[in-house]
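Asks: sharing a model that was predicted from the sequence below.
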Amino acid sequence: MRSFFSSPWTVYGFGLVIAIAASLIELLRGRAENYMVFRDATIDFWHLVNPYTDEFVQAHGRYYIYSPVFTIFFAPFAFVPRVLGGLLWNLVGYHVFFFAVRALPSQISERSVPMLWFLLLFVAQSIFPFQYNVLVTCFFLLAFILLEADKPFWAVCIIMFCAVTKIYGIFELALLLCYPKFWRNIGYAILWALIFLALPVVRLGFDHFVEYYQYWFDMLSVHQVETGPYFSIPFAWPFGMFMMPYMRFLQAGSLAVLGIIFLCCYKRWSQLTFRVGALATLMGWIVLFSDVAEFTTYTIAVTGYALWYFYRPEPANPKSSISNLQSPIDKLLFWSIFVLFGVMPIDLFCPSFICRFVHLHLWIGVYVFAIAWIRILYTTLKNTHPHE
């Protein structure tokens with residue numbers, strides 16, 4: 001029985017059943033709202049209709065905040081029958097995620113099965129509402145995999161595609177400092193950014209190209225003001241009431257501090273342990289300090305956390321609680337994150353009013369993950385793999 005659950009194909013099968021069942025249930029019940037928003041906005045784009053309008057919001061009950069580049073990417077899922085398109089969208093996300101985790105560097109992929117079991121509920125939460133966050137998470141992992149495989153051209157391609165469809169991806173460019181020929185790779189980033197941002201020209205032409213992007217920027221600003229609260233530090237009670245007016249300063253300041261710390265650790269950029277910790281820190285930061293973080297957005301942050309947690313090189317000092325990721329505090333944080341963000345948001349396991357009370361009144365989830373994120377940062381700065 002133990003060997004059955006330790007097989008990657010077992011967890012793959014469980015996840016596949018969940019992905020198919022969740023997709024079909026929501027599609028057949030007419031509740032695949034996110035997919036329909038993506039689909040209708042994409043169809044509007046190809047018909048030269050602007051989806052960044054109040055009329056679109058009123059018709060769909062939610063904002064469309066994705067870039068014109070996303071609508072080009074989504075076209076194969078939009079111009080097919082609704083049930084088929086929604087099912088394919090979720091299956092692509094699930095399969096790319098499974099492949100990305102399995103394709104991690106060998107020092108990490110050997111622990112991919114427990115990592116996949118841990119992440120299964122988080123992935124399901126993004127699949128159930130047809131979210132984009134599963135693929136965004138995959139882009140972070142795939143870019144890291146390609147950088148480790150010395151394929152920076154395609155790694156930067158993935159980073160920039162993520163950046164022009166959901167801004168989170170742009171921050172992974174910081175990791176390029178850890179790899180050879182930084183300025184060449186920045187040149188790749190500029191090249192790919194120009195290519196991706198220019199893609200809407202194929203339908204809009206040059207006459208409406210800039211105008212369409214302006215519509216998108218305007219909608220992003222309206223969405224930020226009119227929706228919320230979100231599950232991140234700038235909104236968390238009681239500090240949120242003081243931090244909200246200075247949210248941009250908080251984001252910029254925390255990023256600047258991380259940047260200074262990162263640069264000061266330049267001698268450790270060659271260590272895989274440090275690069276894994278840096279990636280996990282980054283994936284946590286973009287969610288914890290986000291102004292639009294939802295439950296499903298934590299798929300990104302928790303995957304970064306799992307990457308750090310399951311890559312456990314033997315500590316240089318086995319008696320050190322700082323180095324030993326099997327310490328009681330890490331086990332407590334591990335299971336707390338699993339319950340708070342994996343189990344509680346699922347109505348089948350926890351009544352929604354309890355989940356809302358814990359997360360939106362007590363803000364326990366945000367603070368627990370903030371502690372875990374600080375733990376990632378602290379151990380990344382302190383740990384040194386004895387074989388590196």
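Replies: That came through, no problem. Since the model is a prediction, treat every value here as computed from it, not as a measurement.
Asks: please count neighbours and contacts with C-alpha atoms only from this point.
Replies: Will do.
Asks: ok, which stretches of the stretch 201-350 of the chain are helices?
Replies: 201-226, 240-243, 247-264, 272-288, 298-310, 328-337 (DSSP state H, counting those that start in this stretch).
Asks: worst mean pLDDT among the ones you listed?
Replies: The minimum mean pLDDT among the helices of the stretch 201-350 of the chain belongs to helix 240-243 (a mean of 70).
Asks: now do the buried residues in that one.
Replies: By 16 or more other CA atoms under 10 Å, the buried positions in helix 240-243 come out as Met243.
Asks: and what of stretch 348-363?
Replies: The neighbour-count check on stretch 348-363 (16+ other CA under 10 Å) flags Cys355, Val358, His359, Leu360, Trp363 as buried.
Asks: how far is that stretch from where the chain is centred?
Replies: Taking CA atoms, centre = their mean, to the nearest Å, the mean C-alpha location of stretch 348-363 is offset from the chain mean by 22 Å.
Asks: contacts for that stretch, please.
Replies: Stretch 348-363 is contacted from outside by Phe231, Ala236, Trp237, Val343, Met344, Pro345, Ile346, Ile364, Gly365, Val366, using CA atoms under 8 Å, 6 or more residues apart in numbering.
Asks: where are the low-confidence patches of the stretch 101-250 of the chain?
Replies: Scanning the stretch 101-250 of the chain for pLDDT under 70 picks out the ranges 223-229, 241.
Asks: show me where it has its strands.
Replies: Secondary structure of the stretch 101-250 of the chain (DSSP state E, counting those that start in this stretch): no strands present.
Asks: hang on, the earlier thing: if we take the buried residues of stretch 348-363, which one ends up nearest to Phe56?
Replies: Lowest distance from Phe56 to the buried residues of stretch 348-363 (CA to CA) belongs to Leu360, with 28.3 Å.
Asks: what's the distance between that closest one and Trp237?
Replies: Between Leu360 and Trp237 the distance is 8 Å, computed by CA to CA, to the nearest Å.
Asks: same check on Ala124?
Replies: 28 Å.
Asks: so the two - more neighbours on which side?
Replies: Set Ala124 next to Trp237 and count neighbours by other CA atoms under 10 Å: Ala124 wins out with 24 against 17.
Asks: wouldn't the more buried one be in contact with Ile18 here?
Replies: Yes: between Ala124 and Ile18 there is a contact under CA atoms under 8 Å: 7.0 Å.
Asks: if we can go back for a sec, among the contacts of stretch 348-363, which ones are buried?
Replies: When the contacts of stretch 348-363 are checked for burial by 16+ other CA under 10 Å, the buried set is Phe231, Ala236, Trp237, Val343, Met344, Pro345, Ile346, Ile364, Gly365, Val366.
Asks: how near is the fifth one to Trp335?
Replies: Pointing back at Met344 there. Counting by CA to CA, the separation of Met344 from Trp335 is 12 Å.
Asks: please apply the same query to the first one.
Replies: As judged by CA to CA, Phe231 and Trp335 stand 19 Å apart.
Asks: residue contacts, Phe73?
Replies: Applying CA under 8 Å, 6+ apart, no residues contact Phe73.
Asks: can I assume Ile158 is in contact with Leu141?
Replies: No: using CA under 8 Å, Ile158 makes no contact with Leu141, being 9.8 Å away.
Asks: ok, those two, which is more surrounded?
Replies: Neighbour count, other CA under 10 Å: between Ile158 and Leu141, Leu141 has more, with 26 against 23.
Asks: the closest residue to Tyr311 other than its chain neighbours: neighbour count?
Replies: Nearest non-adjacent residue to Tyr311, counting by CA to CA, 6 or more residues apart in numbering: Ile108, 5.3 Å away. Neighbourhood size, Ile108 [other CA under 10 Å]: 19.
Asks: test my guess that Ile108 contacts Phe310.
Replies: Yes: with contact defined as CA under 8 Å, Ile108 counts as touching Phe310 (7.2 Å).
Asks: list the contacts for the residue nearest to Tyr311?
Replies: Residues in contact with Ile108, defined by CA under 8 Å, 6+ apart, are Leu307, Phe310, Tyr311.
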